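[1] I would like the atomic coordinates for the input below:
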Amino acid sequence: MGKQKPLFFPSLSVWLEMISLLMLLVLASVPVIRVQAWRPWPRLFNDSTSYPDPVFGSSKRYEGSSEFVHLQYHMGPVLTSNITIHTIWYGSWQPSQKRIIKGFLRSISSRDAQSPSVSEWWSTVQLYTDQTGSNISSNVLLGSEKNDRYSHGKSLTRLSIQSVIKGAITASTRPLPIDSRNGLYLVLTSPDVHMQDFCGQVCGFHYFTFPSIVGTTLPYAWVGNSAAQCPGVCAYPFAVPPYIPGLKPLNPPNGDAGVDGMISVIAHEIAELSTNPLVNAWYAGQDPSFPTEIADLCEGIYGTGGGGSYTGQLSVDKTGATYNMNGGRRRFLVQWVWNPVLNYCFGPNALDK
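    Purely as a prediction, here's the structure:
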């Protein structure tokens, strides 16, 4: 036998060059899509370029794009018992603003409103079930409320919201009840309060409290009043962002663009809290850290034909105010949610139902 040649082992620098080249080849074959977690509506871009929606592509009939959506149940709990919403008013709030928001919350379970109604909108949320087949509760109650005059200042983070909740449930006077089974905790911040990622990435978000901070696990949501910071983003369509020239804002049904804009975000978060309270129940995608939930799928859609910057077909009252749903004594503009039976976005004011 002849003498065998010694095996060749590349040096570390050669290995690194080979790995870098392989990564470049892989990345070159992957299409680049701009995706934002907890994205606001409409999306913020630094230029006027039009980008395809990461879920629905270039389709303009978003509510009919069922083949692009793979909403799945991940076996976690949903809220099937009576739901009680406990509200924390953080900052400075006018009584008239509180009445608008509480009027909406009371309308969720009200059967007295004329169709199309907020309670009919909630009936779509009720279609979602847990692993026993029990549906989301039809009873959504307005629970206790707490005023918080800037206990953590005027600049908050996602984690400091949990400290706000802890302060509310451990207050020496009139603390909020601790209700981990049926309670939802809604933290609302006034226009002068700055929140981490507010306007740039989020108009609202939901999660659950950490026992290490709050002492127990409670589903909660935060929504900010954008009137002084970014009404064109988070109070759209009652204010219009500068990157949509020529589009006129709609008149809010309750005369307060900031609060009327909050209503749809509050509805968005409550719908998702009910169907995905611990981020392990109903959502699309494989990453629970960035789930696409039942309201995310229908952002910006308020009526038939909605999509892009077009809200869809809406109603206008005799004063010129725009709405799509009736509450107990008020009218509201609320985004649609994903219907798991029809497999597209749906609302009570749909023209083709």
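[2] quick check: longest helix of this structure.
    helix 257-275 (DSSP state H).
[3] helix or strand right after that helix?
    The element immediately downstream of helix 257-275 (helix or strand, assigned by DSSP states H and E) is strand 282-284.
[4] check what contacts that following strand and list those residues.
    The contact list for strand 282-284 (CB atoms under 8 Å, 6 or more residues apart in numbering) reads 55, 69-74, 78, 128, 275-276, 291-294, 297. C-beta here means a position set from N, CA and C on the backbone, and glycine is covered the same way.
[5] just those residues now: which is nearest Ile165?
    Sorting the contacts of strand 282-284 by distance to Ile165 puts Asn276 at the head of the list, at 18.7 Å, by CB to CB.
[6] how about the helices of the protein, start to end?
    12-28, 95-107, 118-125, 158-169, 211-214, 231-234, 257-275.
[7] would you indicate which residues of stretch 229-247 are buried?
    Across stretch 229-247, burial judged by 16 or more other CB atoms under 10 Å covers 229-241, 243.
[8] reformat the residues you listed as a markdown table; add distance to Leu186 and pLDDT.
    Output for the buried residues of stretch 229-247, formatted as a markdown table (distance: CB to CB, whole Å; pLDDT from 0 to 100):
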| residue | distance to Leu186 | pLDDT |
| --- | --- | --- |
| Gln229 | 20 | 97 |
| Cys230 | 20 | 96 |
| Pro231 | 21 | 97 |
| Gly232 | 24 | 95 |
| Val233 | 21 | 94 |
| Cys234 | 16 | 96 |
| Ala235 | 18 | 97 |
| Tyr236 | 21 | 95 |
| Pro237 | 23 | 95 |
| Phe238 | 21 | 97 |
| Ala239 | 23 | 96 |
| Val240 | 27 | 93 |
| Pro241 | 26 | 88 |
| Tyr243 | 30 | 84 |
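[9] what is the nearest of those to Asp317?
    The nearest one, if we look at those relative to Asp317 and count by CB to CB, is Phe238, at 14.4 Å.
[10] roughly how far apart are the closest one and Val193?
    20 Å (CB to CB, to the nearest Å).
[11] Gly76 now?
    Separation of Gly76 from Val193 (CB to CB) stands at 31 Å.
[12] just Ala271 next, same as before
    Ala271 is 24 Å from Val193, where distance means CB to CB.
[13] higher neighbour count, these two?
    Taking other CB atoms under 10 Å, Ala271 and Val193 do not tie; Ala271 has more neighbours (27 against 21).
[14] show me the contacts for the more buried one.
    Ala271 makes contact with 122, 125, 294-295, 337, according to CB under 8 Å, 6+ apart.
[15] same thing but 7 Å
    Under the criterion of CB atoms under 7 Å, 6 or more residues apart in numbering, the neighbours of Ala271 are 125, 294-295, 337.
[16] got those residues as JSON lines, with distance to Arg329, pLDDT and neighbour count columns?
    Shown next, in JSON lines, are those (distance: CB to CB, whole Å; pLDDT from 0 to 100; neighbours: other CB atoms under 10 Å):
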{"residue": "Val125", "distance to Arg329": "22", "pLDDT": "98", "neighbour count": "27"}
{"residue": "Ile294", "distance to Arg329": "27", "pLDDT": "97", "neighbour count": "27"}
{"residue": "Ala295", "distance to Arg329": "25", "pLDDT": "96", "neighbour count": "27"}
{"residue": "Val337", "distance to Arg329": "23", "pLDDT": "97", "neighbour count": "27"}
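[17] quick check: the two most widely separated of these?
    Among these, Val125 and Ala295 lie farthest apart (CB to CB), at 9.1 Å.
[18] shared neighbours of those two, which are they?
    With CB under 7 Å, 6+ apart as the test, Val125 and Ala295 both reach 271, 337.
[19] would you agree Thr189 is in contact with Gly224?
    Yes: counting by CB atoms under 7 Å, Gly224 is a contact partner of Thr189 at 4.6 Å.
[20] identify the contacts common to those two.
    Contact criterion CB under 7 Å, 6+ apart; residues shared by Thr189 and Gly224: Met195.
[21] now, the contacts of Ala271 that are in strands?
    Here DSSP state E is the test, and the contacts of Ala271 give Val337 as lying in strands.
[22] give the contact list for Glu120.
    Pro348 are the contacts of Glu120 under CB under 7 Å, 6+ apart.
[23] what do you get for Trp338?
    Trp338 touches 71, 294, 297-298, 345, counting by CB under 7 Å, 6+ apart.
[24] do you know how far Thr84 is from Ile270?
    Taken as CB to CB, the span from Thr84 to Ile270 is 12 Å.
[25] more crowded one of those two?
    Shown here are Thr84 and Ile270; by other CB under 10 Å, Ile270 has more neighbours (27 against 19).
[26] if anything else comes up later, I'll come back, but that's it for now.
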